[in-house]
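Undergrad: I would like the atomic coordinates for the input below:
(4 chains)
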Protein chains: 4
Amino acid sequence: MVKVGVIGGTGYTGSELSRILCIHPDVELAALTSRQNGGRKVSEVHTFLKGYTDLVFTESISETPDLDLVFVATPRGVAMHEVPALVDAGIKVVDLSGDYRLKDVGVYEEWYGHEHVDVDHLADAVYGLPELFRADIAGADLVANPGCYATAAILACAPLAKSGLAEDDVIIDAKSGTSGAGMVPSPRLHHPACGESIIPYSVGSHRHTPEIEMAVGMFAGNGMEVTFVPQLIPIVRGILATCYFRLKDGADADTVAEAYTARYGGEPFVHYVEEPSIRAVVGSNHAHVATAVVGRKAVAFGAIDNLVKGASGQAVQCMNLMLGLDETAGLGFPGLGV
Amino acid sequence: MVKVGVIGGTGYTGSELSRILCIHPDVELAALTSRQNGGRKVSEVHTFLKGYTDLVFTESISETPDLDLVFVATPRGVAMHEVPALVDAGIKVVDLSGDYRLKDVGVYEEWYGHEHVDVDHLADAVYGLPELFRADIAGADLVANPGCYATAAILACAPLAKSGLAEDDVIIDAKSGTSGAGMVPSPRLHHPACGESIIPYSVGSHRHTPEIEMAVGMFAGNGMEVTFVPQLIPIVRGILATCYFRLKDGADADTVAEAYTARYGGEPFVHYVEEPSIRAVVGSNHAHVATAVVGRKAVAFGAIDNLVKGASGQAVQCMNLMLGLDETAGLGFPGLGV
Amino acid sequence: MVKVGVIGGTGYTGSELSRILCIHPDVELAALTSRQNGGRKVSEVHTFLKGYTDLVFTESISETPDLDLVFVATPRGVAMHEVPALVDAGIKVVDLSGDYRLKDVGVYEEWYGHEHVDVDHLADAVYGLPELFRADIAGADLVANPGCYATAAILACAPLAKSGLAEDDVIIDAKSGTSGAGMVPSPRLHHPACGESIIPYSVGSHRHTPEIEMAVGMFAGNGMEVTFVPQLIPIVRGILATCYFRLKDGADADTVAEAYTARYGGEPFVHYVEEPSIRAVVGSNHAHVATAVVGRKAVAFGAIDNLVKGASGQAVQCMNLMLGLDETAGLGFPGLGV
Amino acid sequence: MVKVGVIGGTGYTGSELSRILCIHPDVELAALTSRQNGGRKVSEVHTFLKGYTDLVFTESISETPDLDLVFVATPRGVAMHEVPALVDAGIKVVDLSGDYRLKDVGVYEEWYGHEHVDVDHLADAVYGLPELFRADIAGADLVANPGCYATAAILACAPLAKSGLAEDDVIIDAKSGTSGAGMVPSPRLHHPACGESIIPYSVGSHRHTPEIEMAVGMFAGNGMEVTFVPQLIPIVRGILATCYFRLKDGADADTVAEAYTARYGGEPFVHYVEEPSIRAVVGSNHAHVATAVVGRKAVAFGAIDNLVKGASGQAVQCMNLMLGLDETAGLGFPGLGV
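TA: Next comes the predicted model:
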């Protein structure tokens, strides 16, 4: 059994980590921290865990000795103050916050709007999308867990971007359930405002734009220009990214399909399917990817559960790789379907 | 044309008042106040009014002279500081806040949790449910507009309570769309928390409990004991109140139906129907009421749009009565249906 | 008063026509037909009309003499069997079905999958989008009311297409509420299947594709290639069309904005706004259009209520023009906002 | 490993059984039958199972030899034609259809509206609610799996009914997600009809009424009269049953709480909690039960996932008991929480 902890155990990604880790067969979930809930039983706050854990929230991760790995599930800007001490103490880290995703510190500071205080570790961080960077993750001490939109979009785009079949600019029209925005109430997430609507926001300015460009570019070996428009839809869990490419001469539905089949044929969590469905993946770490060719355009769809494959499930998948466990351990449950 | 104003023009009831009043054929909407939006165009904040009004938010109602009537759409506890000056200046008032609904100041202070600072006018306020107290409203200077849950429940219960066919205790299981809770974000109204759930709250302690007891009691001429359980459902607009009575010997489906037919047969906004439907009334000032007799129990349903018949539409209906206009003026639009 | 009838009064567009027409100040709604409900009171079927009409469904429009105009709200393929007799009898017609939208009968037969049996009247039909073809509609005997997706997309795209600022291929990622699919239950519209998901369908094969290409092409004076991906979202009413253009050199946010301001500045129902919002227009005949420029791409948003501006409201707007009434008569109600 | 099959593998309960059983550690899922999908791969139809099973739908359960247990997930009225041959062949059966729940054949025929053709096995069937009838289930050859509403209501009511603290009539106001109605599209389940509403139906005539009366009566040892009003709410999964009792003299919040604590203190799947939450149990086999005392009324809440604890999860729990496995095997996953 490996011994792990979570910094920031009350937010949605911390909550989802606790849901997965408390039944992971190879893990002892030894610590969940929470500033406001320190001393309370975890199952009093996360009532879905009644019967699963007697753990009590602690205020600081340092109260728990001998951790093999720590998940940092704090807001962006906070994580980079937590990570250095952990890594320097020899504890492996998966950061879910966004602070270690953009390798170029200038790009980080431009899109996140504040200075990066831990440039040293940023250089060593590995981008935690296993289907693209599996070997690097397995050898990493610090993994930057991808963003939720970014995961759906990159999985949809990467095979086509690498194939050379399409032009190097892509339009990503993405739709997300509301849990992606976190647990802090806000006017946009207020049910009367969003419950019977679809709301575009951060058009052209969302932080996942440079993340998608960087990750697809690293994988494909050449640059890609992303136009990214996120939109909130009135569901709790799930993202659908609809990605539009212009095909080059000679490319057609068959060559496009071959690129995806070749890439994802052996993947345990990514499936190339006929029709993308959020319901097929909600509650699970699976992603469904589909394509269609319409005239000289290719449309690539990526569907995930934003809290699992888009956050905490993928973080556990990274942990499994980093600690030498079976990559699918603790994640072998299918989506709800209905 | 009568000249009216709204104190508190940015909240949901103020917003809905502006939507109705800006096309009311006999009304000049002369003032909408807002502390934070003072000086901004109303149609910039309420974008659904683009093309309907050039009005600009003012900070204080006193900036607009010669008002015939003012709607007070501020939070409870605030309204009772606004109302006295208006009434004393000879301006008629419809208060939507709850501060003038409970005639017994002791009951008010028990359920609202603070002192009432305007007991004098409280004594003169008329409870603004036209179908039960039409004549009193027509002669009133100050009307206390009913609560949203209370409107749905009272309309469903009143005929049976007055008929003498049922015991004098009733169970009211009420379900409300989320707009009833107002526009201030909160954890309970956060979409990820409520968007795919049904949430009971304030069980036995909701302020509409004594309001329903008082209004039905005044109308029926004898006391009624209310057990009231409100529950949030994931729709934006609409309330369904399901009310359970124990029938006395001799009462049956026919005598129950007669009580409702007799009461609502001539009403323009309340209809006694076969099956209650929120969709039939959403967007309108109509209420649908239905009944069923199951064994020795009677079930009475009341369905309304909480922002219209449950708040701003009913307030306009009261205004029409108070100012001698046609009771249905400005309210003659049907529900959405679909 | 003009005297009008509706063929197909029970479906969603027929239902919505009845909702609008029964309170239209210049219209006598004289007939609603329904095969299965012939002889029943309209307000028994459309219970939201209780108190608004004593009309009884008839089986055939021919039972009602002296009609000035008839709305045909039957399914596609059926309408073209109803229209000829009406037009030949000198009755003006607004057809909501799609049968008269595509001027090229070959394109119709390719996309609709069956022969067109009324090619003669097809040649005379006018495409009923008033903001683009107002004068033609005013002089028409037969108007083809636009599709719901098409309305949202064309209003968003037309100014930019005509401006010459963008390339002539556009990607339209459209999201629709479920009422756009009509009232016949189907697996895709079954609540458990679509209520917590977003479902792409008819990718590249939706009938509104050639309609958008035709209408924008007629208006802009040159061809436009449309890639159209419709997606169902779990709301009842509302469409958001997100349209992506590649800008030509020299075009920027200002020149784009000028194109929209110039086009829609004087329109009563189309408003060029900062942020598109379905809630601002739901329940009304208004459309909100917004734009953003991201790098060398322009994003144009169109938001409407699919049953009003996307169907029955627009049909009434066309009727007003065809009969010489005020274009906004009966349609002067704002969106719900909340 | 035990070897099990499912008759009726494409409906929602069959689908959910496949989701649970394909990862059950002690089970070989050997057969799923489907008339229309015979010969197709299961993961093509249930796409959420991609990566989990290579099983192919068969047309008849008899094609698979040596089954230890069969789940019958066909519609009511069909199951009683399937069960006899299985039981007579020595195969244990869990029937999810309702055909074997009501011990009194006269009551069955009255509420289900057709003759019961297998009265012999009906006499031997055990009602499969483990928390009330665990020992009987462990010894049964044929288990009648409880209805979804019934499970939520009985778990909420049973402790209080048995305690003697309340009168013997109870009002059950129940709200269900739409998946409880099954996968066949219908007007009531059509998204535009139910997606933004709450719809009461089968008031006083729902088949779970006698089922609740029977089960609580058997458990409590005396009769109980149930007034049951089911209502559809616009969520996919989840039931909340709100149950109202009149307390006898001497009963209070403490004695009520003691009844529940004593009953459910040691249960793995039923938890007595402060506040009932559908989100805490959705996706899991857990039930949350809560109570409140308001005046002389007690309110008992029961929250479950209708497809898991309300159907397929409970069926697996019964299977575990019938085959001598750990009762929680394959069901040890918490609810989604968010």
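Undergrad: tell me the contacts of residue A:47?
TA: By C-beta atoms under 8 Å, 6 or more residues apart in numbering or on different chains, the contact set of residue A:47 is D:271, D:273, D:275, D:277, D:280, D:288, D:337. All C-beta atoms are positioned from the backbone trio N, CA, C, and that covers glycine.
Undergrad: List buried residues within the residues you listed.
TA: Neighbour counting by 16 or more other C-beta atoms under 10 Å in any protein chain shown classes D:271, D:273, D:277, D:280, D:288, D:337 among the contacts of residue A:47 as buried.
Undergrad: Looking at the residues you listed, which one is closest to residue A:263?
TA: Set against residue A:263, the nearest of the buried ones among the contacts of residue A:47 by C-beta to C-beta is residue D:337 (32.9 Å).
Undergrad: hang on, the earlier thing: so which of the contacts of residue A:47 comes closest to chain C?
TA: Within the contacts of residue A:47, proximity to chain C (C-beta to the nearest C-beta) peaks at residue D:337, which comes in at 15.7 Å.
Undergrad: still on that earlier bit, dump the buried ones among the contacts of residue A:47 into JSON lines; add pLDDT, secondary structure and distance to chain B as well.
TA: Listed next are the buried ones among the contacts of residue A:47 as JSON lines, based on pLDDT from 0 to 100; DSSP: H, G, I helix; E, B strand; the rest coil; distance: C-beta to the nearest C-beta, whole Å:
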{"residue": "D:271", "pLDDT": "98", "secondary structure": "strand", "distance to chain B": "16"}
{"residue": "D:273", "pLDDT": "98", "secondary structure": "coil", "distance to chain B": "12"}
{"residue": "D:277", "pLDDT": "94", "secondary structure": "coil", "distance to chain B": "7"}
{"residue": "D:280", "pLDDT": "98", "secondary structure": "helix", "distance to chain B": "9"}
{"residue": "D:288", "pLDDT": "98", "secondary structure": "strand", "distance to chain B": "12"}
{"residue": "D:337", "pLDDT": "97", "secondary structure": "coil", "distance to chain B": "10"}
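Undergrad: And the strands in the stretch 201-338 of chain A?
TA: A:225-232, A:239-247, A:270-272, A:287-294, A:297-304 (DSSP state E, counting those that start in this stretch).
Undergrad: circling back: can you redo the contacts of residue A:47 as a markdown table with distance to chain C?
TA: Below are the contacts of residue A:47 laid out as a markdown table (distance: C-beta to the nearest C-beta, whole Å):
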| residue | distance to chain C |
| --- | --- |
| D:271 | 25 |
| D:273 | 24 |
| D:275 | 23 |
| D:277 | 17 |
| D:280 | 17 |
| D:288 | 21 |
| D:337 | 16 |
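Undergrad: near chain A, which of the residues you listed show up?
TA: D:271, D:273, D:275, D:277, D:280, D:288, D:337 (C-beta under 8 Å from any C-beta of the partner chain).
Undergrad: I'd like those residues written out as CSV, with distance to residue B:124 added.
TA: Formatted as CSV, the ones next to chain A among the contacts of residue A:47 follow (distance: C-beta to C-beta, whole Å):
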residue, distance to residue B:124
D:271, 52
D:273, 46
D:275, 41
D:277, 44
D:280, 48
D:288, 48
D:337, 51
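Undergrad: Which positions in the lengthiest strand in chain A come out as buried?
TA: Secondary structure of chain A per DSSP state E: the longest strand is strand A:166-176. Buried residues in strand A:166-176, counting neighbours by 16+ other C-beta under 10 Å, are found at A:166, A:169, A:170, A:171, A:172, A:173, A:174, A:175, A:176.
Undergrad: Contacts only, for residue A:175.
TA: A:198, A:230-233, A:239-242, C:175, C:198, C:231, C:233.
Undergrad: how does it look with 10 Å?
TA: A:149, A:152, A:198, A:200, A:229-233, A:235, A:238-242, A:278, A:303, C:173, C:175, C:198, C:231, C:233, C:242 (C-beta atoms under 10 Å, 6 or more residues apart in numbering or on different chains).
Undergrad: mind checking how far it is from residue A:152?
TA: Here residue A:175 is placed at a distance of 9 Å from residue A:152 (C-beta to C-beta, to the nearest Å).
Undergrad: what do these two both touch?
TA: With C-beta under 10 Å, 6+ apart as the test, residue A:175 and residue A:152 both reach A:238, A:239, A:240, A:241, A:242, A:303.
Undergrad: I'd like to know which of the strands of the stretch 201-338 of chain A is closest to residue C:103.
TA: Once those are compared by C-beta to C-beta, strand A:287-294 is nearest, at 22.9 Å.
Undergrad: Any residue of the closest one touching chain D?
TA: Yes - using C-beta under 10 Å from any C-beta of the partner chain, strand A:287-294 reaches chain D at residue A:288.
Undergrad: Run the chain-centre distance for that strand.
TA: 20 Å (C-alpha atoms, centre = their mean, to the nearest Å).
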